[in-house]
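Trainee: here is a sequence together with a model predicted from it:
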Amino acid sequence: MNKYKQAKAASDPHTSPDRLAELAKDESEYVRRAVAGNEGAPQKVLTWLAKDKDWRVRCGVGKNPSTPPGVLVALAKDEIWLVREAVGENLFTPPDTLAVLAHDEDEDVCRVVRWNPATPPDILAKLANDESWRVRGGVGGNPSTPTKTLVRLATDANRYVR
């Protein structure tokens, strides 16, 4: 079977868990990436793929809503910022992990956490005091930002935040 057909099967939500486990071991990173992004992939397979040598496979695991919370916590420490960003976007990332990622060294990681509706309101309230107008502006766009915080941001000195 060619790689295109394997990748198609790997991304199909109706592919059996056993077949996805097989495809997760494929030599092609394209096939493994497709498995990593498949919401039907078994948690055991996602846990295994979280250690893949290809960072794009790890990104797929980080974005996958079926990824176990403990795996998301581990991926939040990945050396590649794009993997941490994927975890920061995931609605099922544990709140304390989102709190850590909210202060990541990479601005893009922080950005996705500010926009993630799963970010706890208390974290958003703290971020609303950040010195960066980009951070404060991102908090204002999050649907989970508390009204009290939004009122404060509406009077921010920076027009892009307001």
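Mentor: That came through, no problem.

Trainee: tell me where the model's unsure across this structure.
Mentor: For the chain, the stretches with pLDDT under 70 are 1.

Trainee: tell me the helices in it, going along the chain?
Mentor: Per DSSP state H, the chain carries helices over the ranges 3-11, 17-23, 29-36, 43-49, 55-63, 69-75, 81-89, 95-101, 107-115, 121-127, 133-140, 147-153.

Trainee: okay, those in CSV with distance to residue 161 next?
Mentor: C-beta coordinates here come from the backbone N, C-alpha and C atoms, glycine included. Converted to CSV, the helices of the chain look like this (distance: least, CB to CB, whole Å):
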stretch, distance to residue 161
helix 3-11, 39
helix 17-23, 44
helix 29-36, 36
helix 43-49, 37
helix 55-63, 28
helix 69-75, 30
helix 81-89, 21
helix 95-101, 21
helix 107-115, 12
helix 121-127, 12
helix 133-140, 5
helix 147-153, 6
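
Trainee: show residues contacting stretch 43-60.
Mentor: In this structure, residues lying in contact with stretch 43-60 by CB atoms under 8 Å, 6 or more residues apart in numbering are 17, 20-21, 24, 29, 32-37, 41, 61-62, 64, 66-68, 71, 74-75, 78, 80, 82-83, 85-86.

Trainee: now do the buried residues in it.
Mentor: 45-50, 52, 55-60 (16 or more other CB atoms under 10 Å).

Trainee: and it, how far out from the chain middle?
Mentor: Centroid displacement of stretch 43-60 relative to its chain, using CA atoms, centre = their mean, to the nearest Å, is 13 Å.

Trainee: perfect, I'm done here.
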